[in-house]
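Participant: Sequence first, then the predicted structure:
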Amino acid sequence: MGIRDLRILTLIVAAMVALEALSTPIILLAAALFPEGYMENVVPIASQVDFAVSVFTLLTYAVFGRWIYVAGRNLVEAGYQDLEFTPGSRIWWFAVPIANFVKPYQGMRELWNASHGESDYTIGNGLVGAWWALWLGHGFLATILRIAAGPDAGTGPLWFQSAADIAVAVVAIIMLCSIAEAQRKLGTGQLAEVFA
């Protein structure tokens, strides 16, 4: 099958991650800057907007998972046979309770190290570590804010969560772009198209 060029898929994932992270701040800004228009046009369809944002978030996770799979498959196609994680396991570890606090990080660390030519796949990388810490912190923060913020909490908790969303998105995009660029050097032959 050959090593696939991740540039187009990386661009798509980066755009989706950025849009997903910016959705709440955009809604909050619209409410603050245009309160009358917001009340007339957005509030009546708030549940539909929330549903659309949730669907887009799930779609973003699916496309991000596709990116992880293709990047992992590229390592296999490049001849890496000593990997601990298969392309698929890098994704499904996100869904395994308790292990999902550690295994996805280890899978992405291995993906990063192998893509960048490191012979020891267990060496920590600051960017991957920052992404994982932000991802976990983002999830814990969302849970805490959902529990602690009552109906009278205002928009403060949403702004706080938005800052965490943006931070994890920026680091994730930088990480994906760096891995994609490193993988361009994996194969000496022609790279296959991502969706081929």
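Facilitator: Done, it's in. Quantities reported herein were computed from a predicted structural model and do not represent experimental measurements.

Participant: Check which helices and strands the helix of greatest length in the chain sits against.
Facilitator: If each helix of the chain is counted by residues according to DSSP state H, the longest one is helix 46-77. Here helix 46-77 touches helix 7-33, helix 89-92, helix 103-115, helix 156-183, going by 3 or more C-beta pairs under 8 Å, 6 or more residues apart in numbering; DSSP states H and E. Heads up, the C-betas are built off the backbone N, CA and C, glycines and all.

Participant: What are the buried residues along that helix?
Facilitator: 60, 63-75, 77 (16 or more other C-beta atoms under 10 Å).

Participant: Could you tell me the angle between that helix and helix 156-183?
Facilitator: 20 degrees (axes from the mean of the first three to the mean of the last three C-alpha atoms, to 10 degrees).

Participant: what does the worst-scoring helix or strand of the chain on mean pLDDT contact?
Facilitator: Of all regular secondary-structure elements in the chain, judged by mean pLDDT, DSSP states H and E, the least confident is helix 35-41 with a mean of 89. By C-beta atoms under 8 Å, 6 or more residues apart in numbering, the surrounding residues in contact with helix 35-41 are 30-31.

Participant: Tell me which helix or strand Met79 sits in.
Facilitator: One correction, residue 79 is Gly, not Met. Here Gly79 sits in a region with no helix or strand, counting by DSSP states H and E.

Participant: separation between it and Ala114?
Facilitator: Plainly put, Gly79 is 11 Å away from Ala114 if you go by C-beta to C-beta, to the nearest Å.

Participant: Pick out whichever of the two has more residues nearby.
Facilitator: Ala114 (24 against 9; other C-beta atoms under 10 Å).

Participant: Look up how far Leu58 lies from that one.
Facilitator: According to C-beta to C-beta, Ala114 stands 28 Å off from Leu58.

Participant: and if you look at Arg184?
Facilitator: Taken as C-beta to C-beta, the span from Arg184 to Leu58 is 29 Å.

Participant: ok, Ala30 touching Val43?
Facilitator: No: Ala30 is beyond contact range of Val43, at 10.9 Å (criterion: C-beta atoms under 8 Å).
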